[in-house]
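**Q** here's my sequence, what's the structure:
(one chain, ligands or ions: 2)
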Amino acid sequence: MHAFNLQAKPLSLADRLADLAVDALIDEADLSPKPALVDRRGSGAHTDLHLGLMHASALSLWPAFKEMAEAAIEIGEIGSPLREAIGLIGREGEQVMLATTHGVNTHRGAIWALGLLVAAAALEPESTAAGSIALRAARLALLDDRHAPRPLSHGAQVAQRYGARGAREEAQLGFPAVTQRALPQLKRSRAAGHGEQNARLDALLAIMTRLADTCVLYRAGEHGLHTMQRGAQAVLDAGGSASLGGRRRLHELDQQLIALNASPGGAADLLAACLFIDRIESRDGINQGAF
Ligand SMILES: CC(C)(COP(=O)(O)OP(=O)(O)OC[C@H]1O[C@@H](n2cnc3c(N)ncnc32)[C@H](O)[C@@H]1O)[C@@H](O)C(=O)NCCC(=O)NCCS
Ligand SMILES: Nc1ncnc2c1ncn2[C@@H]1O[C@H](COP(=O)(O)OP(=O)(O)OP(=O)(O)O)[C@@H](O)[C@H]1O
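**A** Ligands and ions are numbered 1, 2, ... in the order given. Model (predicted):
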């Protein structure tokens, strides 16, 4: 008789980073109540998205994130070969996502942001400070990818019309919405004892106060963007999502953004990026199999 070997094979660094990226996407999707976004309550301002689709899409991206981490480990340095390798994997990941969702864009911006961050984390697994990971990701984002198509995406149209450079610029600047706003707010709200879900909502709102979210600009113009930014600030000023006043303001913001069809999808992607970095930072080095 053969004995089964019940000892699990240890996860590789690439496995663990892909797990963390997918976890961050699932946590972002599940977080509720998010203004005008897909969450456990419903589809927000979207007609073609729902929570099950967001989950399926997140899970479908696991192999792409793992491959990006493996490419970073194998190539080992920031430069055009790595930039172009993760660009190719990202585009293939997008195709898998679209096949999973029957053509709906569930996570385009998230593949970009998390893909860069996964590669950045894999390059130097002992260097887990948020600023260091974001800086490596920015250096990658600044490199040109000769093979990237330049479609007239919604982001490109908004760039022409309003001058907002969206997801690309946010990454090239080192994710300031994450390092300067979301992570500090997440920590402040946790320290104030507001509870994890409220702390995450506050982090999302902190992103929304300043972000030039091209999803919102495309769908609702500058009026939509100002409504998002002012409304998010009003929730935080009223005490954040854990307070009664803040909750009321959050409900108002949800209603206003839905009426404007203004879904802050870029802010949602950056919340996932924030949760990914937070998990890495809060553990004892990603090389030590701590998660
Ligand atoms: C840079 C990307 C995001 C394209 O940007 P572009 O603005 O042209 O596209 P699009 O309108 O589809 O927007 C992408 C998404 O970014 C998110 N987003 C919007 N605004 C912002 C913002 N200010 N900050 C961060 N993310 C944002 C939204 O979710 C939006 O849906 C990326 O998809 C890309 O370059 N793809 C080419 C393939 C590639 O190189 N992939 C690399 C994977 S690492
Ligand atoms: N919980 C969420 N709810 C809604 N969107 C989200 C959520 N999380 C992330 N997103 C991001 O929002 C974007 C989807 O926005 P949107 O539907 O405006 O995409 P689009 O295809 O550019 O536009 P449209 O649907 O107007 O044709 C995705 O790129 C995704 O990364």
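**Q** burial check on residue 174, number of neighbours?
**A** The tally of other residues near residue 174 (other C-beta atoms under 10 Å) stands at 20. No exception for glycine: its C-beta is placed from N, CA and C like everyone else's.
**Q** helices along this structure, start to end?
**A** In the chain, the segments counted as helices under DSSP state H are 13-30, 51-60, 62-75, 80-100, 108-123, 130-141, 154-162, 166-172, 176, 183-191, 196-208, 214-237, 244-259, 265-282.
**Q** in a markdown table: those, plus distance to ligand 1, mean neighbour count and mean pLDDT.
**A** Converted to a markdown table, the helices of the chain look like this (distance: least, C-beta to the nearest ligand atom, whole Å; neighbours: other C-beta atoms under 10 Å; pLDDT from 0 to 100):
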| stretch | distance to ligand 1 | mean neighbour count | mean pLDDT |
| --- | --- | --- | --- |
| helix 13-30 | 11 | 22 | 98 |
| helix 51-60 | 12 | 18 | 98 |
| helix 62-75 | 7 | 22 | 98 |
| helix 80-100 | 2 | 18 | 98 |
| helix 108-123 | 3 | 27 | 98 |
| helix 130-141 | 8 | 21 | 98 |
| helix 154-162 | 2 | 16 | 93 |
| helix 166-172 | 3 | 20 | 97 |
| helix 176 | 10 | 17 | 98 |
| helix 183-191 | 15 | 18 | 98 |
| helix 196-208 | 9 | 25 | 98 |
| helix 214-237 | 4 | 21 | 98 |
| helix 244-259 | 15 | 18 | 98 |
| helix 265-282 | 3 | 26 | 97 |
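**Q** got JSON lines for those, with distance to ligand 2 too?
**A** As requested, the helices of the chain are exported to JSON lines (distance: least, C-beta to the nearest ligand atom, whole Å):
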{"stretch": "helix 13-30", "distance to ligand 2": "5"}
{"stretch": "helix 51-60", "distance to ligand 2": "6"}
{"stretch": "helix 62-75", "distance to ligand 2": "14"}
{"stretch": "helix 80-100", "distance to ligand 2": "9"}
{"stretch": "helix 108-123", "distance to ligand 2": "4"}
{"stretch": "helix 130-141", "distance to ligand 2": "16"}
{"stretch": "helix 154-162", "distance to ligand 2": "4"}
{"stretch": "helix 166-172", "distance to ligand 2": "8"}
{"stretch": "helix 176", "distance to ligand 2": "19"}
{"stretch": "helix 183-191", "distance to ligand 2": "17"}
{"stretch": "helix 196-208", "distance to ligand 2": "10"}
{"stretch": "helix 214-237", "distance to ligand 2": "4"}
{"stretch": "helix 244-259", "distance to ligand 2": "11"}
{"stretch": "helix 265-282", "distance to ligand 2": "2"}
